[in-house]
Structures are given as C-alpha cells and as structure tokens.
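[1] turn this into a structure:
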Amino acid sequence: MRLLIVGASGGTGRLLVGQALDAGHEVTAFVRDPSRLPLTHASLRLVIGDVMRPGSIDPAVAGHDAVLCTLGAKPEGADAPRGQPGVPVCSVGTRHLIDAMNRAGVRRLIVESSAPCGESAVYGRWPAPWIVRTVLREVMADKEIQEAAVRSSGLDWTIIRPVKMTDGPRTGRVQVGAGVRWGITSKVSRADVAAVILQATAAPETIGAALTVTQGGAVEGAGPTR
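    Modelled structure (predicted):
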C-alpha cells in the first residue's frame with residue numbers, strides 16, 4: 001500500500017514508518033523537521049510540511065491509499081517552534097488533513113487518539129479517567145475535538161486510543177477493542193501501538209470503530225474484541 005504518515009517524526013510515528021517499510025509498504029513521511037527522522041529507504045519519501053499550514057498538505061496527500069495520523073499531544077501553546085500559541089494542534093491539524101483528503105479523494109484514515117477519550121472513559125477503572133482528564137485537561141479537550149472531526153469527516157476512519165505509552169519493545173501482546181478495560185497502571189509500548197495502527201490500515205472491519213489499546217493477551221488483528 002501507499003501510506004502517508006503524518007507526525008512521522010514523533011514517538012509513535014517513527015516506529016510506524018519503520019514497521020510499514022519492513023512490511024513492504026511505500027511510505028511518505030510528512031514532517032516539519034526531516035532531521036528528526038534520520039532514515040533512508042528505497043520505499044521512503046520525506047515531505048516537509050505542517051498540518052497547521054494547509055497549503056503544505058495537499059501535495060503530500062494525493063495518490064495515497066491511506067493516511068495514518070500520529071500527531072503529538074502537546075497542550076495548547078506548548079509547541080513553541082510552531083509559533084502558534086493557543087492553537088490546539090491535534091484538532092485543527094486533523095481538520096486540515098481531512099479537508100485535504102476529501103479534495104484528493106483519499107478515503108482511508110487512521111488516527112491515534114488517547115484513552116480516556118469518548119466512550120473509552122466508561123471502561124476505565126476509577127479513578128483513572130478522572131486523573132487523566134484532570135492532569136491533561138487541555139490535551140484531552142484537543143483530542144475530543146479531534147475525534148469529533150474524524151467521526152463527522154465522511155471518510156473511512158478508525159480511531160486508535162492507546163493507554164499510557166512506553167518506549168518498550170514490540171511484544172505483540174495487546175488487547176484491542178471498543179470495550180477494553182483499563183486502569184491507572186495500564187500501559188502499552190509505542191511499538192505495539194504502531195503495529196496496531198498498521199494492522200488497522202488493512203482491516204476493513206475496523207472502519208468506523210474507536211479502539212482502546214492496552215498491554216494484554218496476544219491478538220492476531222486490530223479488530224474489536226468480542
């Protein structure tokens with residue numbers, strides 16, 4: 001597949017780029033600073049741009065089979081290099097990305113969000129949802145708006161909601177589903193999250209689903225648990 005990875009130089013994005021290349025995909029990495037992705041590969045193309053500047057997105061989106069969005073979750077105003085204080089990057093940037101996809105006719109979108117957004121809060125063991133929403137108030141508000149934009153986009157979307165992420169290795173032992181239980185000690189490696197995102201790309205049963213991801217038993221795909 002021809003994949004566009006947005007946020008390719010971030011913690012999850014870098015791993016996703018590597019896994020996608022290893023799996024034989026053609027990858028376009030959309031980055032603001034190419035020095036943060038020091039990787040060369042015959043099937044890798046770097047495009048410099050910024051989701052907060054819509055004019056740079058359209059040339060990157062056209063011609064791809066799917067877009068994988070792993071924008072970082074920094075609070076409003078915390079991303080000083082971008083020079084846009086007070087602008088929520090995930091929600092605004094994702095809206096720009098959706099608009100570009102609609103113009104280009106690209107339908108498949110997978111977005112990395114976060115627990116406890118949306119209904120995943122219902123499955124969080126107290127007090128985990130309250131703590132995350134309180135400590136990361138601005139981040140979670142941005143993610144909620146981002147998810148709403150994805151749901152109303154008209155695209156073939158999937159939302160991936162990891163719990164607290166670590167820099168541990170890929171284990172292949174995860175729980176993935178709309179009703180996965182999680183708590184304050186729940187965690188999952190970014191490498192495993194990247195693998196779930198990549199699996200979802202080619203899993204039509206995940207279209208229209210918002211899936212929580214946490215460390216757990218071995219799961220063969222990225223479809224909802226039953």
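
[2] what sits against the residue nearest the centre of the chain?
    When the chain is reduced to its mean C-alpha position, the closest residue under C-alpha atoms, centre = their mean turns out to be Glu112, at 2.1 Å. With contacts defined as C-beta atoms under 8 Å, 6 or more residues apart in numbering, Glu112 is in contact with Gly7, Thr12, Cys69, Thr70, Leu71, Ile160, Pro162, Val193, Ile197. Using the backbone N, CA and C atoms, a C-beta is placed for each residue, glycine as well.

[3] could you rerun that using 7 Å?
    Contacts were defined as C-beta atoms under 7 Å, 6 or more residues apart in numbering; by that measure Glu112 touches Thr12, Cys69, Thr70, Ile160, Ile197.

[4] what strand or helix carries the last one?
    Right, Ile197. Using DSSP states H and E, Ile197 falls within helix 190-201.

[5] cool, and the fourth one?
    Ile160 belongs to strand 156-162 when assigned by DSSP H and E.

[6] that strand pairs with which strands, and in what direction?
    Strands adjacent to strand 156-162 in the sheet, as given by DSSP bridges, are strand 108-112 (parallel), strand 209-218 (parallel).

[7] neighbour count added to the contacts of Glu112, as JSON lines?
    What follows is the contacts of Glu112, written out as JSON lines (neighbours: other C-beta atoms under 10 Å):
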{"residue": "Thr12", "neighbour count": "24"}
{"residue": "Cys69", "neighbour count": "27"}
{"residue": "Thr70", "neighbour count": "26"}
{"residue": "Ile160", "neighbour count": "27"}
{"residue": "Ile197", "neighbour count": "28"}
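
[8] closest to Gly154 out of the residues you listed?
    Closest approach between the contacts of Glu112 and Gly154, by C-beta to C-beta: Cys69, at 15.9 Å.

[9] quick one, which of the strands paired with strand 156-162 is packed in tightest?
    The densest packing among those, expressed as mean neighbour count by mean count of other C-beta atoms under 10 Å, is seen in strand 108-112 with a mean of 26.

[10] buried residues in whatever helix or strand comes next after that strand?
    Following the chain from strand 108-112 toward its C-terminal end, the next helix or strand by DSSP H and E is helix 128-135. Using 16 or more other C-beta atoms under 10 Å as the test for burial, helix 128-135 gives Ala128, Pro129, Val132, Arg133.

[11] okay then, goodbye and thanks.
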